[in-house]
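Trainee: need a structure here:
(one chain, ligands or ions: 1)
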Amino acid sequence: MINKNHPIRVSFEFFPPKNKDMELSLWKNIKRLEPLNPQFVSVTYGAGGSTRDRTHELVREIKSKTSIEPAAHLTCVNSGVEEIVEIADKYWNDGIKHIVALRGDKTIGGKKSKHKLKYATDLIKLLKNCNNFDITVSAYPECHPDSKNMEQEFDILKKKIDLGATKAITQFFFNTEKYIEFVDKAIKKNIKIPIIPGILPITNFRRTLSFSKATNCSIPQWLKRMFKGLDSDPKTRELIAASVAAEQCQKILNEGINEFHFYTLNRADLSFAICHILETRFKKL
Ligand code: FAD
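Mentor: Modelled structure (predicted):
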């Protein structure tokens, strides 16, 4: 079933904890996933810079307390050039060289600056001007809600690569064929960077449904049927979620893609189980 000649590579995404309890729980989860030898773990950045210090702190701690390479998400919407340069310098000086460069979603307010950044492309340009960061970007197999069509998606992805992006992580999806089609089209368009599938193990189906509306992620009918009637049955939901995500990964593996990014929502259990099913290699610590 699994091609042993191509070891599976994984990465995990976390968000900065809001309080001490969340922090303790997060570290248990990071430590649980560490032996899976991830390529990197990334830490999200709150809209409009709302988690600026907490993101930085967690990224720094991952670097100093674990053997994993951290990647810091950074968004530019509502931020000024000066602010981004300051953040970039701080990361570089702390030895953090991998940035997931994003536009982010517009929030009301934001810092006053004459030189606002509009798109992820502006951010990549600026970061590369600051230092030779390793840049990962977003990609949208089902089209970003702001994009006119898929052609625009590919054009923007190409632009990001021309500016120096070396990897893309996709928005989460459940229609795996759409992802496979996206990668096939990207290859035909001479896009050569890895387009890593963003896998969301479903911890809360209701929340996933509302999130999917905002992100333009289609929810297949079969998935709705699977979770029907399970609102107060978290144990069964977890079993289904692990099985759905593992099957998604297996379909993708069959296409020769062996790298996965897990949106963990700060909970290791499901990602850990899925990695076991996929026989991800363990590292001795
Ligand atoms: P962009 O790539 O800038 O694209 C946004 C829209 O603008 C698209 O329609 C695009 O086609 C268009 N566009 C882009 N560049 C240009 C250009 N030069 N000229 C004209 N049009 C252009 N959000 C957070 O707040 N924090 C996070 O930590 C975070 N992490 C994420 C991680 C991943 C892997 C993904 C997929 C998303 C993440 N998001 C995060 C969500 C993201 O911020 C939103 O999806 C946001 O709406 C778009 O950001 P982007 O970088 O993809 O935008």
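
Trainee: Tell me which strands the host helix or strand of residue 10 pairs with, and in which orientation.
Mentor: Using DSSP states H and E, the element containing residue 10 is strand 9-14. Paired with strand 9-14 in the same sheet, following DSSP bridges, are strand 40-43 (parallel), strand 259-263 (parallel).

Trainee: close to the ligand, is it?
Mentor: No. Figure legend: strand 9-14 not in contact with the ligand (Cβ under 6 Å from any ligand atom); closest approach 7.1 Å. C-betas here are computed from N, CA, C, even on glycine.

Trainee: Can you list the low-confidence ranges for the stretch 101-250 of the chain?
Mentor: 107-115 (pLDDT under 70).

Trainee: Write out the residues of it neighbouring the ligand.
Mentor: So far as Cβ under 6 Å from any ligand atom goes, the stretch 101-250 of the chain lies against the ligand at 102-105, 119-121, 138, 144, 146-147, 152, 156, 159, 169, 171, 198.

Trainee: Just the buried ones out of these, please.
Mentor: With burial judged by 16 or more other Cβ atoms under 10 Å, the buried subset of those is 102-104, 119-121, 138, 144, 156, 159, 169, 171, 198.

Trainee: circling back: tell me the mean pLDDT for the helix or strand just after the strand holding residue 10?
Mentor: Later in the chain than strand 9-14, the nearest helix or strand by DSSP H and E is helix 20-33. What helix 20-33 shows for mean pLDDT is 97.

Trainee: Tell me what angle helix 20-33 forms with strand 259-263.
Mentor: On the basis of axes from the mean of the first three to the mean of the last three Cα atoms, to 10 degrees, helix 20-33 is oriented at 160 degrees to strand 259-263.

Trainee: ok, residues contacting helix 20-33?
Mentor: 12, 14, 17, 41, 58, 62, 66, 68, 264, 266-268, 271-272, 275 (Cβ atoms under 8 Å, 6 or more residues apart in numbering).

Trainee: before we move on, the earlier item: secondary structure for the buried ones among the residues of the stretch 101-250 of the chain next to the ligand - can I get that in TSV?
Mentor: Compiled in TSV, these are given as follows (DSSP: H, G, I helix; E, B strand; the rest coil):
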residue	secondary structure
102	strand
103	coil
104	coil
119	coil
120	helix
121	helix
138	strand
144	coil
156	helix
159	helix
169	strand
171	coil
198	strand
